[in-house]
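> Kindly return the folded structure for what I paste below:
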Amino acid sequence: MSSPGPADYIARIEGDLRRNILPFWMDRAVAGGERGFLGALTNDLVPDPAAERGALLTSRILWTFAAAYARYRDPAYLRMADLAFSDLTAHFHDPRSGGFWWSIAADGRVLRDRKQVYGQAFAIYALAEYHAATGRSEPLERAIAVYRLLEEHAAERRHGGYLEAFDRGWNPIADMRLSEVDLNEPKSQNTHLHVMEAYTRLLGVWPDPGLRRALAAVVEIMLARIVDPATGHLGLFFSEDWSPRSDRVSYGHDIEAAWLLAWAADVLGDPTLAARIRPLAVKIAAVTLAEGVDSDGGVFNEGGPGGLTNTNKEWWPQAEAVVGFINAFQLSGQERFLAAAFRTWDFIELRLVDRRHGEWFRGVTRDGRVLENELKVSFWKCPYHNGRTGLEAVRRLRGLPDRAGKDPVSK
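As a prediction, the model looks like this:
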């Protein structure tokens with residue numbers, strides 16, 4: 001008997017996207033009136049009406065529903081994207097210094113007016129996608145304006161790359177941490193990964209020579225400073241001169257970077273760069289599979305030189321692994337990567353999809369217990385990772401040869 005193949009997984013992944021993830025956010029996350037979206041919602045669907053709201057969540061909702069509308073042309077998805085665009089521009093935009101504040105209170109007061117480069121990157125990513133989906137000029141103009149602010153204020157000229165954060169007026173600040181669990185270092189893999197992602201999407205709709213140079217430069221930073229080609233891992237935190245400040249490994253970021261690097265090379269249209277990146281992307285996927293994936297197909301959160309350091313399995317590394325392993329199969333033809341993508345999807349369906357209340361849980365422990373104290377909607381828990389997997393994995397699987405992923409005994 002044949003094992004389930006791409007057609008089966010296409011139906012399951014797309015079904016989860018359209019019958020679970022997208023309806024959940026439309027039905028449960030909208031605050032109503034002029035309030036945009038809820039800042040916090042528990043696994044049992046209890047909202048916290050006083051929760052802080054971040055531009056990051058709104059940007060990620062905007063990207064998700066703009067991309068879904070571009071794919072399916074469902075007017076309901078466009079209404080969600082329109083709402084997110086209105087929320088982002090009306091409540092988070094800084095009209096004086098440009099860019100987007102990090103967070104506001106539930107009543108709309110600005111709480112954290114810092115300019116986190118990571119957050120600006122997601123705004124660019126979302127605005128470029130919204131422009132691509134609708135053809136409207138305003139989102140593109142806003143994305144370009146934020147890109148120019150980053151190049152003016154955040155680009156670090158001496159050693160290359162981008163600094164982490166600034167105050168309201170784009171002046172340096174002492175505490176540049178993205179979150180309380182991050183190190184206070186001036187440069188990080190996470191920020192550069194998402195600047196690269198944002199610039200890649202923006203270049204796809206705005207083929208500006210300066211942007212092309214900026215994207216090529218950040219890709220080179222990723223290759224020369226952040227990815228260790230010997231280990232197949234990415235560093236996490238760095239000094240201004242790119243001295244490593246951490247030996248932790250984030251398996252989700254590793255596999256996400258593998259496919260985003262390949263995408264950036266494709267959009268840049270540089271065959272020499274693509275030839276450098278493709279074997280590296282395959283190596284990163286192979287190392288992730290060997291070191292970061294449990295026997296049940298779930299991806300661990302973190303490791304280090306001594307082995308695993310965090311065996312929880314959060315939602316976003318699983319989502320990125322599905323796409324990253326499919327990408328590795330496309331680049332290498334090695335069936336083990338397609339099988340790994342399918343096993344991780346099986347794990348997602350078994351452990352993370354919330355059959356009772358909808359969407360995915362934030363994460364589970366290694367033995368499968370739900371992380372009950374984590375929120376279903378939060379500053380960080382969003383529809384971007386799993387929503388993108390629903391779109392990107394399905395697109396890639398539909399493009400595979402007919403025989404891909406078939407059980408050898410059925411050939």
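
> Contacts for the helix or strand in which residue 218 is found next, please.
Per DSSP states H and E, residue 218 falls inside helix 209-221. Identification of contacts with helix 209-221 by C-beta atoms under 8 Å, 6 or more residues apart in numbering yields 147, 151, 155, 160-162, 192, 195-196, 199-200, 202-203, 261, 264-265, 267-268, 270, 273, 277. Heads up, the C-betas are built off the backbone N, CA and C, glycines and all.

> Can I get the buried ones among those as something I can paste into PyMOL?
Applying 16 or more other C-beta atoms under 10 Å to the contacts of helix 209-221, the buried members can be selected in PyMOL as follows:
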select buried, resi 147+155+160+161+162+192+195+196+199+200+202+203+261+264+265+267+268+270+273+277
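
> ok, so what distance separates residue 266 from residue 7?
Going from residue 266 to residue 7 by C-beta to C-beta, to the nearest Å gives 25 Å.

> partner strands of the helix or strand just after the helix holding residue 218, parallel or antiparallel?
Next along the chain after helix 209-221, taking DSSP H and E as the criterion, comes strand 227-228. Its sheet considered, strand 227-228 pairs with strand 233-234 (antiparallel) by DSSP bridges.

> thinking in terms of the whole chain, how far from its middle is the partner strand?
17 Å (C-alpha atoms, centre = their mean, to the nearest Å).

> mean confidence score for it?
Across strand 233-234, pLDDT averages out at 98.

> Mind listing residues that contact that strand?
The contact list for strand 233-234, computed with C-beta under 8 Å, 6+ apart, reads 189, 193, 222, 226-228, 249-250, 253-254, 257, 284, 287.

> Please apply the same query to stretch 295-305.
For stretch 295-305, the external contacting residues (C-beta under 8 Å, 6+ apart) are 247-252, 255, 288, 291-294, 308-314, 317-318, 321, 340, 343-347, 350-351, 363-364, 366.

> Let's see that with 6 Å instead.
The contact list for stretch 295-305 (C-beta atoms under 6 Å, 6 or more residues apart in numbering) reads 247-251, 292-293, 308-314, 317-318, 321, 343-344, 346-347.

> In helices, which of those residues appear?
251, 292, 317, 318, 321, 343, 344, 346, 347 (DSSP state H).

> Mark which of the contacts of strand 233-234 are buried, thanks.
Taking 16+ other C-beta under 10 Å as the criterion, what is buried in the contacts of strand 233-234 is 189, 193, 222, 226, 227, 249, 250, 253, 254, 257, 284, 287.

> contacting residues for the fourth one?
The reference is to residue 226. Taking C-beta under 6 Å, 6+ apart, we find residue 226 in contact with 189, 234, 235.

> repeat for the second one
The neighbours of residue 193, taking C-beta under 6 Å, 6+ apart as the test, are residue 257.

> Can you give me the pLDDT of it?
98.

> Please tabulate the buried ones among the contacts of strand 233-234 in a markdown table, including the columns distance to residue 333.
As requested, the buried ones among the contacts of strand 233-234 are exported to a markdown table (distance: C-beta to C-beta, whole Å):
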| residue | distance to residue 333 |
| --- | --- |
| 189 | 29 |
| 193 | 26 |
| 222 | 25 |
| 226 | 27 |
| 227 | 23 |
| 249 | 27 |
| 250 | 27 |
| 253 | 25 |
| 254 | 21 |
| 257 | 21 |
| 284 | 17 |
| 287 | 18 |
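
> which one among those gets closest to residue 326?
residue 284 (13.8 Å; C-beta to C-beta).

> Identify the residue spatially nearest to the closest one, adjacent ones excluded.
Using C-beta to C-beta, 6 or more residues apart in numbering and skipping residues adjacent in sequence, the residue nearest residue 284 is residue 258, 4.1 Å away.

> and that neighbour, how many neighbours?
Residue 258: 32 surrounding residues under other C-beta atoms under 10 Å.

> Give me the three-state assignment for it.
At residue 258, secondary structure determined by DSSP: H, G, I helix; E, B strand; the rest coil is helix.

> ok, residue 266 to residue 200 distance?
Using C-beta to C-beta, residue 266 is found at 9 Å from residue 200.

> how close does residue 359 sit to residue 390?
Counting by C-beta to C-beta, the gap from residue 359 to residue 390 is 12 Å.

> Show the model's pLDDT score for residue 90.
So residue 90 comes in at 97 (pLDDT).

> For it, list the residues it contacts.
For residue 90, the contact set (C-beta under 6 Å, 6+ apart) is empty.

> Of the contacts of strand 233-234, which is the nearest to residue 130?
residue 193 (21.1 Å).

> Would you mind telling me which of residue 266 and residue 7 has more residues around it?
Per other C-beta under 10 Å, whichever of residue 266 and residue 7 has more neighbours is residue 266, with 16 against 13.

> Could you say which helix or strand holds that one?
Going by DSSP H and E, residue 266 is in helix 251-268.

> which stretches of this structure form strands?
Secondary structure of the chain (DSSP state E): strands at 53-54, 103-104, 110-112, 115-116, 165-166, 187-188, 227-228, 233-234, 237-238, 249-250, 302-304, 307-310, 313-314, 363-364.

> Could you dump those strands into a markdown table with distance to residue 96 added?
Output for these, formatted as a markdown table (distance: least, C-beta to C-beta, whole Å):
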| stretch | distance to residue 96 |
| --- | --- |
| strand 53-54 | 20 |
| strand 103-104 | 16 |
| strand 110-112 | 12 |
| strand 115-116 | 12 |
| strand 165-166 | 14 |
| strand 187-188 | 27 |
| strand 227-228 | 38 |
| strand 233-234 | 36 |
| strand 237-238 | 31 |
| strand 249-250 | 36 |
| strand 302-304 | 39 |
| strand 307-310 | 41 |
| strand 313-314 | 37 |
| strand 363-364 | 39 |
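
> Would you mind saying which of those strands lies nearest residue 26?
With C-beta to C-beta as the criterion, residue 26 lies closest to strand 53-54 of the strands of the chain, at 17.7 Å.

> So what touches that closest one?
So strand 53-54 is in contact with 39, 103, 104, 379, going by C-beta under 6 Å, 6+ apart.

> any idea how far the first one is from residue 47?
If I follow you right, that is residue 39. Separation of residue 39 from residue 47 (C-beta to C-beta) stands at 8 Å.

> what's the neighbour count on residue 346?
Neighbour count of residue 346, defined by other C-beta under 10 Å: 16.

> Model confidence for it, exactly?
You'll see residue 346 listed with a pLDDT of 98.
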